[in-house]
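> Here is the input, now give the coordinates:
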Amino acid sequence: MNRILIFIITVMLLVTSTSSCAKKAPEQTAVKSKNVLAALRDLSKAYEKKDLAAFMAGVAPGYRDRDALAKSVNEVFAKYETIHFNIQYNRMLIMVEEKGMTKAVFNWDAEWLAAGGALQKNGGRITLVFEPGSVKLVSIDGKNPFVPQPGEMPGK
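Residues are numbered from 1 along each chain as shown. Sure, this is the predicted structure:
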């Protein structure tokens, strides 16, 4: 009886000791997606706080017309007292290309309030493209969400 008990305990110890309980490292795409989300949060926070240096820190040096973007965003900061910028994360698509750029497609909406009380609202669907290594903004495909556009008249 004791031999059977010792045998069962030994087998159970061997089975439990050989089972793998090690945590699996997250896949590379999950890490890149998380980095893109952090970069988007940083861009939107800097934009709402009207911090041009922090905002431009999230834009890659290779961004086409980087100086024009900085000038346009600085003009927006000077013109509007309050900016509310909302990214709709619940319907976001992040595409991670192998050894390539990462694209984030999402809906956004924003409100810009001027000193005189004039309110401008805008929104849309946008694709932002990020560098693979530094996760900085490389390009904007679609209407630039950081520069308010005058509302379009229906039928025009």
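> And the helices in the chain?
2-18, 28-48, 52-57, 66-79 (DSSP state H).
> As TSV, the ones you listed with distance to Phe146, mean pLDDT and mean neighbour count would be great.
(Glycine included, C-beta is placed from N, CA and C.) Listed next are these as TSV, based on distance: least, C-beta to C-beta, whole Å; pLDDT from 0 to 100; neighbours: other C-beta atoms under 10 Å:
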stretch	distance to Phe146	mean pLDDT	mean neighbour count
helix 2-18	55	72	9
helix 28-48	6	90	16
helix 52-57	8	96	16
helix 66-79	5	95	14
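> Those helices: which one's closest to Pro132?
helix 28-48 (7.5 Å; C-beta to C-beta).
> The closest one packs against which elements?
Helix 28-48 sits against helix 52-57, strand 80-96, strand 102-114, strand 119-130, with contacts defined as 3 or more C-beta pairs under 8 Å, 6 or more residues apart in numbering; DSSP states H and E.
> returning to that earlier point: which among the helices of the chain is found nearest to Met92?
helix 28-48 (8.2 Å).
> angle of the closest one against helix 66-79?
With axes from the mean of the first three to the mean of the last three C-alpha atoms, to 10 degrees defining the directions, helix 28-48 sits at 50 degrees from helix 66-79.
> returning to that earlier point: which among the helices of the chain is found nearest to Gly123?
Using C-beta to C-beta, the helices of the chain put helix 28-48 closest to Gly123, at 13.5 Å.
> Tell me which residues are up against that closest one.
Under the criterion C-beta atoms under 8 Å, 6 or more residues apart in numbering, residues 54-55, 57-58, 73, 83-87, 89, 94, 96, 102, 104, 128, 130, 132, 135-137, 146 lie in contact with helix 28-48.
> swap in stretch 73-87?
40, 44, 47-48, 50, 52, 55-56, 106, 108-115, 120, 145-148.
> How much space separates Asp65 from Val73?
Distance, Asp65 to Val73, by C-beta to C-beta, to the nearest Å: 12 Å.
> just to revisit the earlier point, which of the contacts of helix 28-48 are buried, as a PyMOL select command?
Restricted to buried positions by 16 or more other C-beta atoms under 10 Å, the PyMOL selection for the contacts of helix 28-48 reads:
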select buried, resi 55+58+73+83+85+87+94+96+102+104+128+130+135+136+137+146
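> Contact partners for Ser139?
Contacts for Ser139 (C-beta under 8 Å, 6+ apart) come out as Tyr63, Arg64, Leu128, Val129.
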